[in-house]
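Asker: fold the following and give me the result.
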Amino acid sequence: MQTKALDNLKTDVAARRAQVATLEKQLKKAKSETKKHEQKIQDFIQELQKIMQKDNDNEKIAGLMHIHKANAKDHADEVLEKKKKDPETIEELDKHLKYMEKSISQLKKSTQVQLAKSRKQIRKQTKDNKDLIRELSVLRKEDKTRKEGQDAIDKKINKINQEKRRVEGEIEKYKDSMRKMRL
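Answerer: Just a heads-up that it's a prediction; the model follows:
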C-alpha cells in the first residue's frame, strides 16, 4: 500500500514538474514578448519626441504620418490577428493604444504651448532690440551734436587764446615803448 501511495506521489510530482516546466517556458516566452513590446513603445515615444521637437509644422505632420504608416498598420494587423486568439490581449493593446493617443495629444498641446511662448518671447525680444537700436541712434545723434558743439567751443577758446596772446604781445610792446620813453 505504501509503495502504491509512493508511486502515486512520484507520478503526481513528475506531472507537476512537467506542468511547472511548461509554465516556466510560457512565462519566459511572455516575458520576451513583453520586452519586445516595451522596446517598441520606447522606440515609438523617442521617435515621436524627435518629431515634436522639429520647428516646421509640415515636418511634424510628415513625421506623424510616417509613424502612423510604420506602426498603426502593423499594430492593426497584429490586433486583428490577436483578437482571434486572445480577447485579454486586445484589451491590453487597446489600453496601450489609448495611452499612446493620449500621449501624442498631450505632446501636441505642450508643443503648441511652447511654440506660442517662444514666438511671444521672440517678438518681445525683437521689440526690445528695436527700441534699443532707436535709443542708440538718438544717443549717437546727441553725441555727434555734443562733439560738434565741443569742437565749436574749442575753436572759440583757441581764437580767444590767440587774441589774448596777441593782445598780451601788444601790451608788452606798449610797455617796452613806455620804458624806452622814460629813459
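
Asker: rest of the way, CA atoms for contacts and neighbours
Answerer: Fine.

Asker: ramachandran angles for K117?
Answerer: Here is the backbone geometry of K117 (degrees, to the nearest 10): phi -60, psi -40.

Asker: per-residue confidence at it?
Answerer: According to the prediction, K117 has pLDDT 90.

Asker: for I104, see how far away it is.
Answerer: 20 Å (Cα to Cα, to the nearest Å).

Asker: can you pull the contacts of the residue positioned nearest the centre of the chain?
Answerer: Nearest residue to the geometric centre of the chain (Cα atoms, centre = their mean): Q53, 6.9 Å. Contacts here follow Cα atoms under 8 Å, 6 or more residues apart in numbering; on that basis Q53 touches T111.

Asker: just the pLDDT for H75.
Answerer: pLDDT, H75: 61.

Asker: what of L183?
Answerer: Residue-level confidence at L183 comes out at 67, pLDDT.

Asker: give the other helices and strands that whatever helix or strand I153 lives in contacts.
Answerer: Using DSSP states H and E, I153 sits in helix 87-182. Contacts defined by 3 or more Cα pairs under 8 Å, 6 or more residues apart in numbering; DSSP states H and E place helix 87-182 against helix 2-52, helix 73-85.

Asker: just the mean pLDDT for stretch 162-170, thanks.
Answerer: 91.

Asker: that one: how far from the chain's middle?
Answerer: The gap between where stretch 162-170 is centred and where its chain is centred comes out at 74 Å by Cα atoms, centre = their mean, to the nearest Å.

Asker: stretch 128-144 too?
Answerer: Distance, stretch centre to chain centre, for stretch 128-144: 33 Å (Cα atoms, centre = their mean).

Asker: do stretch 3-22 as well
Answerer: In terms of Cα atoms, centre = their mean, the centre of stretch 3-22 is set 63 Å apart from its chain centre.
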